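1. sequence unavailable; structure follows:
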């Protein structure tokens, strides 16, 4: 396996080096930055090899694909759901996912809460913010984020941990900075109802910049597993 997936070893070495450089330059020693392996279209064998190298966090985009692969994953890795999530699909992942990054409506939050309560658990969630105002992306607008958090905070089966975003690829540096400002402002304004400690942003093309702007989960697929131009 090591020979087959040696490129993952080298890619991860580079990723860690860049993350550590940004961390050392811009972050405090007490900060925690986790590297998430985004597993869309990636075979479980390759995912498990990444886990053997110390990756302890996986990101799933598609419910059906996750269902087909989850039993083959190394169980030592935590799994988060990061893709767009339809309300009728929540029931299929709620028992095995520890955090959902893509909550952008009260309706979705209510379904997650209801399913969580029925499973006797509290599910950690992040509010997805459309920081660039792009029609092609999900997420609540920055101006409505505080209100949504107040509404979600009333639900029993979820715990709001923070915010997630996918900034526009052009000028991502600008939008990463805006997202950090929003995170800090909401953390202060809503501290009586929630305690936010997770800012999930940064992907293969901008993860080092995201670390600079306060991200503590960087979601990396292509830079770790290589370009994925095939369908599964």
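-> Thanks, I have it. What you see is a predicted model, and the numbers here were worked out from it, not measured in a lab.
2. so residue 125 sits in a strand?
-> Yes - per DSSP: H, G, I helix; E, B strand; the rest coil, residue 125 lies within a strand segment.
3. helices of the chain, start to end?
-> 6-26, 44-52, 63-69, 90-93, 106-118, 142-152, 172-189, 207-212, 222-225 (DSSP state H).
4. average model confidence for the fourth one?
-> Per-residue confidence for helix 90-93 averages out to 98 on the pLDDT scale.
5. likewise the first one?
-> The average pLDDT for helix 6-26 rounds to 97.
6. that one to helix 44-52, inter-axis angle?
-> Interaxial angle, helix 6-26 versus helix 44-52 (axes from the mean of the first three to the mean of the last three Cα atoms, to 10 degrees): 40 degrees.
7. next, the buried residues of helix 6-26.
-> 8, 11-12, 15, 18-19, 22-23 (16 or more other Cβ atoms under 10 Å). Placement of C-beta: from N, CA and C, glycine included.
8. equivalent analysis for stretch 126-141, please.
-> In stretch 126-141, counting by 16+ other Cβ under 10 Å, buried: 126-132, 137-140.
9. contacts for it next, please.
-> Identification of contacts with stretch 126-141 by Cβ atoms under 8 Å, 6 or more residues apart in numbering yields 84, 99-105, 142, 145, 148-149, 152, 160-168, 175, 178-179, 182, 198, 200.
10. can you flag the buried ones in those residues?
-> Buried subset of the contacts of stretch 126-141 (neighbour count, 16+ other Cβ under 10 Å): 84, 99-105, 142, 145, 148-149, 152, 160-167, 175, 178-179, 182, 198, 200.
11. could you find the closest non-adjacent residue to residue 220?
-> residue 204 (5.4 Å; Cβ to Cβ, 6 or more residues apart in numbering).
12. quick one, what contacts residue 104?
-> Residue 104 neighbours (Cβ under 8 Å, 6+ apart): 127-130, 138-140, 148.
13. same check on residue 68?
-> Residues counted as contacts of residue 68 (Cβ under 8 Å, 6+ apart): none.
14. any idea how far it lies from residue 152?
-> Applying Cβ to Cβ, to the nearest Å, the value for residue 68 to residue 152 is 30 Å.
15. could you do residue 119 as well?
-> Distance from residue 119 to residue 152, by Cβ to Cβ: 18 Å.
16. go on, residue 39?
-> From residue 39 over to residue 152 the distance is 27 Å, taken as Cβ to Cβ.
17. cool, and residue 14?
-> Counting by Cβ to Cβ - residue 14 and residue 152 are separated by 37 Å.
18. same thing with residue 174?
-> Applying Cβ to Cβ, the value for residue 174 to residue 152 is 28 Å.
19. what does residue 87 give?
-> From residue 87 across to residue 152, the span is 14 Å (Cβ to Cβ).
20. again, but for residue 70
-> Distance, residue 70 to residue 152, using Cβ to Cβ: 26 Å.
21. do the same with residue 123
-> Relative to residue 152, residue 123 is positioned 11 Å away (Cβ to Cβ).
22. quickly list what's touching both of those two.
-> residue 158.
23. which residues touch the closest residue to residue 92 other than its chain neighbours?
-> Distances taken as Cβ to Cβ, 6+ apart place residue 63 nearest to residue 92, at 5.4 Å, with adjacent residues excluded. By Cβ under 8 Å, 6+ apart, the residues touching residue 63 are 81, 83, 85-86, 89, 92-93.
24. give me the pLDDT value at residue 232.
-> Here the pLDDT value assigned to residue 232 is 40.
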